[in-house]
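Colleague: Here is my input; please provide its structure:
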Amino acid sequence: MFYPCKLLIFDFDGTLGDTAATILATYHDTLAELNLPAVTEKAARATIGLPLRECYRHMVSNASEELLDRCCDIHHRLFEVNSKRFKPQLYPEVAMTLEQLHQQGIVLTVASSRGHDSLCRILDSCGVLPLFSLILGAEDVERAKPDPFPVLLTLRRLNYSAADAIVVGDMPVDVVMGKEAGCRTIAVDYGNATHEELLKANPTAIISRFAELAK
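Modeller: Numbering: from 1, shown residues only. Coordinates of the predicted model:
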């Protein structure tokens with residue numbers, strides 16, 4: 001049975017926003033400040049979308065909880081600096097397509113592992129914040145992706161069923177989150193994961209241009 005989409009739940013980094021340069025620079029600078037071994041760009045990109053603490057848990061071998069605390073504190077400080085060097089931008093066609101979807105009556109939301117204030121600040125600076133009915137950041141959820149909690153919370157707060165919604169993201173964790181919540185999923189392959197990595201996650205569909213969502 002076909003169910004029309006009434007609600008879109010977006011990841012942010014790598015899906016709506018081109019923030020990889022800022023994130024990767026901050027990873028590098030944080031590890032350097034702590035005299036920790038650098039990681040490859042591929043390994044660093046693979047963590048984007050996870051909660052920040054888990055990103056560093058993947059990148060720093062046998063890290064203590066205290067060290068992870070320090071990584072996160074330094075990351076937050078340096079991210080503000082690097083955001084001025086590499087100003088986050090929306091990907092091509094995102095602003096236009098979001099406006100089209102909003103005009104079609106589709107409810108737009110964000111479920112991201114980025115901090116809530118950071119999300120709102122970037123979306124506001126890009127002129128699209130008013131288009132979103134709900135924004136969930138890292139501190140807004142009890143359990144982060146790939147757990148389905150952010151999607152289930154969105155559905156509950158806005159009174160929609162899983163059949164009404166599609167989860168859109170650029171990483172396998174986004175696909176897993178959506179599928180575990182019972183939603184259809186669309187992966188974008190222009191972000192931080194490869195097309196092959198996304199295929200393994202088995203989303204409902206994969207697109208290469210954000211504007212395809214409006215079709």
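Colleague: Helices of the chain, start to end?
Modeller: Here the chain has its helices, by DSSP state H, at 20-33, 41-45, 52-59, 65-85, 94-103, 116-125, 149-158, 172-180, 195-201.
Colleague: which phi and psi does A46 have?
Modeller: phi -60, psi -20 (degrees, to the nearest 10).
Colleague: That one and N192: what is the separation?
Modeller: 8 Å (C-beta to C-beta, to the nearest Å). Every residue, glycine included, has its C-beta placed from N, CA and C.
Colleague: Could you do V151 as well?
Modeller: 20 Å.
Colleague: Which one's more surrounded, the two?
Modeller: V151 (28 against 23; other C-beta atoms under 10 Å).
Colleague: Next up, the contacts around the more buried one.
Modeller: The contact partners of V151, by C-beta atoms under 8 Å, 6 or more residues apart in numbering, come to 9, 111, 162, 165, 167, 177-178, 180-181, 183.
Colleague: what about 7 Å?
Modeller: 9, 111, 167, 177-178, 181, 183 (C-beta atoms under 7 Å, 6 or more residues apart in numbering).
Colleague: which residue packs closest to it, ignoring adjacent ones?
Modeller: Once flanking residues are discounted, V151 sits nearest to A181: 3.8 Å by C-beta to C-beta, 6 or more residues apart in numbering.
Colleague: if we can go back for a sec, from the contacts of V151, which would you call buried?
Modeller: Neighbour-count burial (16 or more other C-beta atoms under 10 Å) applied to those gives 9, 111, 167, 177-178, 181, 183.
Colleague: Among those residues, which lie within strands?
Modeller: 9, 111, 167 (DSSP state E).
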